[in-house]
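> based on what follows, work out the 3D shape:
(one chain, ligands or ions: 1)
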Amino acid sequence: MAYETVIVEVKGKVGVITLNRPQALNALNGQLIGEVNAAIDGFEADAGIGCIVLTGSEKAFAAGADIKEMQGRTFPETYLDDKFETWDRIGRRRKPIIAAVAGFALGGGCELAMMCDFIIAADNAKFGQPEINLGVIPGAGGTQRLTRAIGKAKAMDLCLTGRMMDVVEAERAGLVARIVPLAELMAEALKAADAIAAKSLPSVLMAKESINRAFEVTLNEGLRFERRIFSSLFATQDQKEGMAAFTEKRKPDFKNG
Ligand SMILES: CC(C)=CC(=O)SCCNC(=O)CCNC(=O)[C@H](O)C(C)(C)COP(=O)(O)OP(=O)(O)OC[C@H]1O[C@@H](n2cnc3c(N)ncnc32)[C@H](O)[C@@H]1OP(=O)(O)O
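Numbering: from 1, shown residues only. Got it, this is the predicted structure:
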């Protein structure tokens, strides 16, 4: 597939998607989201890929949904088209996705980063849900994922005032997993992705699934789910290999089976 708004690369066992609409600060239009989904489809189908990194430019991860594309839309068009269903696919993927965020992650940009499994942010990153300034509200998960990530008080503050928070506040609030110097963002994100890709893929996918379950079910149901998943991993060769490698004081050689 020929991509126009993203750059798609493979680095070892890591798939890298770079948002590439610099003239519009990576504003997220339908084409770009389609291309992100197509690139992830390819990485999900590729047995050689164990982790995905999604990134933007130094100035902007993404400055939100494309306001110029949305501006003229009517209620029936917006409601019937339901284009954010396409965006939501990104949050339902099986392989882990790391958001490597520098610069602005605003509106849909912040929502896109939150659809990923965790965020590694550069020290110049800024997060916000400024849709209120445009007379609307977040529409791609901002009121839901942000509230789960940072709690009601801060989510209300950000969504109602439309202000941006810097990366230190974002990390303290629990939105960001790690802050790194801008110049080291991709190296650090790739290091984390390489570490994940070197694990047994079934255990990685199941860990991701189990953590995400915590947001959907009661504690008891979640604990039961985790124990079933834990037990099932004893049916894999990788469990035998992982535990044998520990007792033999060597590195495990996982075969994803
Ligand atoms: C997902 C849902 C439901 C909703 C949304 O996401 S709504 C969008 C939310 N995001 C925003 O409201 C942020 C809009 N952008 C800005 O406030 C500013 O661009 C900035 C603070 C991020 C950066 O300001 P700066 O002065 O450094 O840069 P600009 O000159 O303003 O922008 C450069 C260039 O990019 C275009 N741009 C920026 N953001 C968007 C966007 N979200 N949609 C479309 N285009 C965008 C901006 O218009 C300018 O291009 P032109 O000079 O050709 O107009």
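> show the contacting residues for Phe43.
Contacts for Phe43 (Cβ atoms under 8 Å, 6 or more residues apart in numbering) come out as 15, 49, 52, 95. All C-beta spots, glycine's among them, are computed from the backbone N, C-alpha and C.
> helix, strand, or coil at the second one?
Spelled out, it's Ile49. coil (DSSP: H, G, I helix; E, B strand; the rest coil).
> ok so, going back, in helices, which of the contacts of Phe43 appear?
With helices taken from DSSP state H, there is no overlap with the contacts of Phe43.
> so which residues make contact with stretch 157-173?
Counting by Cβ under 8 Å, 6+ apart, residues outside stretch 157-173 touching it are 104, 106, 121-133, 137-138, 142-143, 146, 149-151, 154, 176-179.
> would TSV of the contacts of Phe43 with distance to the ligand and pLDDT be doable?
What follows is the contacts of Phe43, written out as TSV (distance: Cβ to the nearest ligand atom, whole Å; pLDDT from 0 to 100):
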residue	distance to the ligand	pLDDT
Gly15	24	98
Ile49	27	98
Ile52	21	98
Lys95	24	98
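> keep only those of those that are in strands.
Under the assignment DSSP state E, the contacts of Phe43 contribute 15, 52 to strands.
> quick check, nearest of the contacts of Phe43 to Gly30?
Ile52 (20.9 Å; Cβ to Cβ).
> next, count neighbours for the closest one.
24 (other Cβ atoms under 10 Å).
> right, and it touches Lys11 too?
No - counting by Cβ atoms under 8 Å, Ile52 sits too far from Lys11 to count as a contact (10.8 Å).
> identify the contacts common to these two.
With Cβ under 8 Å, 6+ apart as the test, Ile52 and Lys11 reach no residue in common.
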